[in-house]
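In: Below is the structure, and that's it, no one-letter string:
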C-alpha cells in the first residue's frame with residue numbers, strides 16, 4: 001500500500017480528534033442536554049479554549065480537501081516518491097501539532113507550524129505536477 005494512503009488514513013483519525021475535542025469542550029460548556037438535543041437555541045459564545053478548538057477544526061477542514069486530492073492524486077497518477085511521502089508526513093505531523101498549539105493559544109509558533117503543513121502540501125503538489 002502506498003504510504004500516501006496510510007497518511008490519508010491517519011488524517012481521518014486526526015479529523016475525528018478535531019471533531020471530538022471541539023464537541024467535548026462544547027458539551028462541557030453547554031451541557032449534555034444541548035449535545036443530545038436539536039441545538040436550535042441561541043447560545044452564549046464559547047469560552048476561549050472552546051472557540052480556539054472550533055476554529056482549529058475549521059482551519060483543518062479548509063486545507064483537508066487539498067491534502068486528500070493531492071495525496072490520492074499522486075497515488076492514482078503513479079507519481080509517489082520519497083518526496084511525496086515526506087510532504088505527506090510533514091503535512092500530517094504539522095497538522096497534528098497545530099491542534100494543541102491552537103487550543104493552548106500559542107500564536108507565533110502555531111503560524112509557523114501551519115506554514116510547515118503548507119510546505120508539506122507543496123512538496124506533494126510539486127511531485128504531482130512535475
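Out: Perfect, I can see it now. Keep in mind the model is a prediction, meaning the values are calculated, not measured.

In: just checking, what packs against the helix or strand hosting residue 9?
Out: Per DSSP states H and E, residue 9 falls inside helix 3-30. Helix 3-30 sits against helix 32-36, helix 48-76, helix 82-104, with contacts defined as 3 or more CB pairs under 8 Å, 6 or more residues apart in numbering; DSSP states H and E. C-beta coordinates here come from the backbone N, C-alpha and C atoms, glycine included.

In: Try it again at 7 Å.
Out: helix 48-76, helix 82-104 (3 or more CB pairs under 7 Å, 6 or more residues apart in numbering; DSSP states H and E).

In: Show me what the last one packs onto, helices and strands only.
Out: The reference is to helix 82-104. Here helix 82-104 touches helix 3-30, helix 48-76, helix 107-129, going by 3+ CB pairs under 7 Å, 6+ apart.

In: and that helix, which residues are buried?
Out: Within helix 82-104, the residues that qualify as buried are 84-85, 87-99, 101-103, counting by 16 or more other CB atoms under 10 Å.

In: Please name the residues that touch residue 7.
Out: Residues in contact with residue 7 (CB atoms under 7 Å, 6 or more residues apart in numbering) are 71, 88-89, 92.

In: out of those, who's nearest residue 31?
Out: Distance to residue 31, by CB to CB, is smallest for residue 92 among the contacts of residue 7, at 33.7 Å.

In: Can you get me a residue count around residue 9?
Out: By other CB atoms under 10 Å, 10 other residues sit near residue 9.

In: Mean pLDDT per helix and strand in this structure: which one sits at the bottom?
Out: Every helix and strand of the chain was ranked by mean pLDDT, DSSP states H and E. The lowest is helix 32-36, at a mean of 89.

In: Give the buried residues for it.
Out: Per 16+ other CB under 10 Å, helix 32-36 contains no buried residues.

In: Over to stretch 11-30?
Out: Applying 16+ other CB under 10 Å to stretch 11-30 flags 11, 14, 18, 21-22, 25-27, 30 as buried.

In: Need the max-distance pair from those residues.
Out: The largest separation in the buried residues of stretch 11-30, counting by CB to CB, is between 11 and 30 at 28.2 Å.
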